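> give me the fold of what follows.
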Amino acid sequence: MKYFQKKLMLIFSWVIILSSLASIVITDFWRDLNLMPEYSRKFMGFAVRELSLLLIASVVMWLMVRILMPRIVKPIIKLNEATKELTVGNFDVRVEEEKRADELGELLHNFNIMAKELKSNEYLKTNFVANVSHEFKTPLAVMNGYAGLLAEEKIDDNLRIEYAQMIKNETQRLSKLTENILRLSKLNAQEIKIKKERFELSEQIRRALLTLETGWNDKSLSLDIDMPEAYYVGEENLLYQVWFNIIENAIKFSNNGGRLSIKLKDAPDEVSVTITDTGIGMDEETVREMFEPFYQGDSSHEHEGNGLGMAIVKKIVDLHGGSISAKSAPNMGTKITVALPK
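Here you go, the predicted model:
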């Protein structure tokens, strides 16, 4: 940009110099105009006027360049320097947004938005790696401890079976965690191709509910099901994961003897599913953050989970162009609504 600016200034300078020289030369001839024929005097007079106008125009253009060039070039130079900082990982860099309504002002504004988003993504990436490490560390430590106990010579068969079962449980937990991380990673990278097909939605939700029958039977939950026949065109396998994860959460955080409600509404432009429980509920912060990876409102980890289920749900719903919302309060249960456009 500095090279371009210097070249432009050099061109205008030469225009002014050449115009000035031409004017001087013609002015020298002006003294001899009376000695020339009439047509020659007219021609020379015309040439002097034209070159004089050229000289004035060149001076005006030079002044405009001197005045306007800093306003145009300096922000671009600053933007170029900020871009270099961004490429080396400095996501705190910002450019000064001038009060201008042109495309350059919009470019400066959009650059700052991009830098802010990149910083946010870098934070999420760092936080994601830290959470993955933590989630792997706990079951590995448990498995290592029980493996050490199993290695002891004097241990009765009952304890040996108990320790082996604990190792098996933690292995299954690690397997599920790995599967969820891989699924979320593929969804974020959009490596999973959406194969849309027409299927019966209420039947799919009932299938997910039946798969989790042991859970709601153990807690003696009463069911309130209102799902008329409804067909939808989407990725069937991914959407099954949506209902499974939401219902599983509803059962997990329900109190014994509670109620689980599933309502389906089929409208001309969308289909919506509302799943409501009468469980422990969530505070405002948990409702706000529940779709973030690894976020767990239950900090005591009393309930099994790794905080990836609802993040996967949100991503699948987004891929279908839908929306998901949650309403909840402590000890007042939770209502999750998924709306999918047709």
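> poorly predicted segments of the stretch 201-342 of the chain, please.
For the stretch 201-342 of the chain, the stretches flagged by pLDDT under 70 are 294-307.
> okay, helices next: where are they in it?
With helices called from DSSP state H, counting those that start in this stretch, the stretch 201-342 of the chain shows them at 201-211, 213-218, 236-252, 284-289, 309-319.
> out of those, which is closest to Gly333?
helix 236-252 (8.8 Å; C-beta to C-beta). Where you see a C-beta, it was placed from the backbone N, CA and C, and this is true even at glycine.
> just the C-alphas of the closest one, formatted as CSV.
Output in CSV follows, covering the C-alpha atoms of helix 236-252 (Å, rounded to 0.1, in the frame of the first residue of the first chain):
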residue,chain,number,x,y,z
GLU,A,236,-33.8,-40.1,10.7
ASN,A,237,-30.8,-41.5,12.6
LEU,A,238,-29.7,-38.1,13.9
LEU,A,239,-33.1,-37.0,15.0
TYR,A,240,-33.5,-40.2,16.9
GLN,A,241,-30.5,-39.1,18.9
VAL,A,242,-32.3,-35.8,19.7
TRP,A,243,-35.3,-37.5,21.3
PHE,A,244,-33.2,-40.2,23.0
ASN,A,245,-30.9,-37.6,24.7
ILE,A,246,-33.7,-35.3,25.8
ILE,A,247,-35.9,-38.1,27.2
GLU,A,248,-32.9,-39.7,28.9
ASN,A,249,-32.1,-36.4,30.6
ALA,A,250,-35.7,-36.0,31.7
ILE,A,251,-35.7,-39.4,33.3
LYS,A,252,-32.3,-38.9,34.9
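> any idea of the angle it forms with helix 309-319?
140 degrees (axes from the mean of the first three to the mean of the last three C-alpha atoms, to 10 degrees).
> buried sites along helix 236-252?
Within helix 236-252, the residues scored as buried using 16 or more other C-beta atoms under 10 Å are 236, 238-252.
> which helices and strands does it pack with?
In terms of contacts (3 or more C-beta pairs under 8 Å, 6 or more residues apart in numbering; DSSP states H and E), helix 236-252 is packed against helix 201-211, helix 213-218, strand 259-266, strand 270-277, helix 309-319, strand 334-341.
> Ser175 is nearest to which of those?
Closest approach to Ser175 among the helices and strands packed on helix 236-252 is made by helix 309-319 (15.0 Å; C-beta to C-beta).
> who are the contact partners of the closest residue in space to Gly215 that isn't next to it in sequence?
Excluding its sequence neighbours, the residue lying closest to Gly215 (C-beta to C-beta, 6 or more residues apart in numbering) is Ile251, at 4.2 Å. By C-beta atoms under 8 Å, 6 or more residues apart in numbering, the contact set of Ile251 is 212, 215-216, 219, 221, 260, 277.
> export these to CSV and tack on distance to Asn110 and neighbour count?
Formatted as CSV, those follow (distance: C-beta to C-beta, whole Å; neighbours: other C-beta atoms under 10 Å):
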residue, distance to Asn110, neighbour count
Leu212, 46, 17
Gly215, 48, 17
Trp216, 50, 20
Lys219, 51, 16
Leu221, 50, 21
Leu260, 46, 24
Asp277, 43, 26
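> for the closest residue to Asp269 other than its chain neighbours, what are its contacts?
Closest residue in space to Asp269, ignoring its immediate chain neighbours: Lys342 at 5.9 Å, by C-beta to C-beta, 6+ apart. Contacts for Lys342 (C-beta under 8 Å, 6+ apart) come out as 232-233, 268-271.
> what's the farthest-apart pair in those?
In terms of C-beta to C-beta, the contacts of Lys342 reach their longest pairwise distance at Val233 and Pro268, which sit 14.1 Å apart.
> neighbour count winner among these two?
Set Val233 next to Pro268 and count neighbours by other C-beta atoms under 10 Å: Val233 wins out with 12 against 6.
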